Structures are given as C-alpha cells and as structure tokens.
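Undergrad: Following is a predicted model, sequence given first.
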Amino acid sequence: MKKVIVISFMMLLLPAWASAQSGSFRDLYNKYAGAEGYVTVEMSGSMFNVINGAAEENNGTRAEFMNKIDNLVIIVADAPDPVFGRDVEAMVGLGGYKPMTTIRDGGDKVDFYMIRHGDTTSEFMMTVAGESEFVVMSITGKGLTVDEISQIVQKTTAP
C-alpha cells in the first residue's frame, strides 16, 4: 500500500517537477512575461526580414545573418531578483547552453552562451547581471555561425 501511495504522489508531482526542470528559454519567458518588475520583448524572424528589407544596403553578412533569425527575446528584471537569477542559472545548466565568454566591468557581469548542433548554432544567449537590473537575451535561428555573430558584433561595436 505504501508503494501505491508513493507512486501516486510522485505522479501528481511529476508535471510540476518536469515544468520546473525543463531548462528552456521559452519557459523562463512564459514565467516572467507580464510579471510586475519585468519587461519582456519578443521579435519574430518576420520583423527582422522587414528591417532587413528596409535597410539601404541589403547585402553582406548582416543581411544573411538577419534572414537566419527566427526569434529574439529579451527579459529585463528592473531590480536584482535572486529568484530570477537562480531560474536563469538553472535554465543554463539544464538547457544545454555552452559558455562562450564572460566580461566583468565593475559590478556588472556579462555572459554569452550558445547551443550548437554540429558546426552551426541554434541559439545564442546573453545575460547581463548588473547592480540595478538583470537582462537575458536569446537569439534563435537556423544555421547561425559563430563567425557571423562575431562579424555583426564587430560592425555594431566599432567606433
């Protein structure tokens, strides 16, 4: 009888445990979208196609890269929130994200992660833990390469 009770109890908890442990960025977004103290932004690949089509120079690496983007999602916590920080850490650990680089500047820390499939990347994620806010950004797409990301970052950060 004890086994039946334990198994029944575990089956009741399984859906909650599975959703808490899924590790996907979408789950994180769904949890915090619309929550007080959070700002969320989501842009579809279609929006990038419109932006790309409106650009004066519609060729080169930037145009190719923008056409590969499926989704851009940003979550901003207006104030440091230890629960949100733990949720992000859990997502990184469970979601298959591989660390790329870390930048520290005073009290701010920026981490870059990716999910790779073979020689292409399906998701890039950036987290910014600051003294006054916490930002998480995810870019998903098909066939994204680290070289393309590097070129875009160099072009957009060059003086």
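TA: Sure, I can see it. Numbers count the residues shown, from 1 in each chain.

Undergrad: Tell me, how many residues neighbour Thr121?
TA: The local packing count at Thr121 equals 23, with neighbours defined by other CB atoms under 10 Å. C-betas here are computed from N, CA, C, even on glycine.

Undergrad: by contact count, what packs against whichever helix or strand it is part of?
TA: Using DSSP states H and E, Thr121 sits in strand 120-129. Judged by 3 or more CB pairs under 8 Å, 6 or more residues apart in numbering; DSSP states H and E, strand 120-129 is in contact with helix 82-94, strand 108-117, strand 134-144, helix 146-157.

Undergrad: Repeat the analysis, applying 10 Å as the threshold.
TA: Helices and strands in packing contact with strand 120-129 are listed as strand 69-77, helix 82-94, strand 98-105, strand 108-117, strand 134-144, helix 146-157; criterion 3 or more CB pairs under 10 Å, 6 or more residues apart in numbering; DSSP states H and E.

Undergrad: Could you pull out the buried residues of it?
TA: Counting neighbours by 16 or more other CB atoms under 10 Å, one finds that the buried residues in strand 120-129 are Thr121, Ser122, Glu123, Phe124, Met125, Met126, Thr127, Ala129.

Undergrad: so which pair among the residues you listed is furthest apart in space?
TA: Of all pairs drawn from the buried residues of strand 120-129, the greatest distance, 24.1 Å, lies between Ser122 and Ala129 (CB to CB).

Undergrad: If anything else comes up later, I'll come back, but that's it for now.
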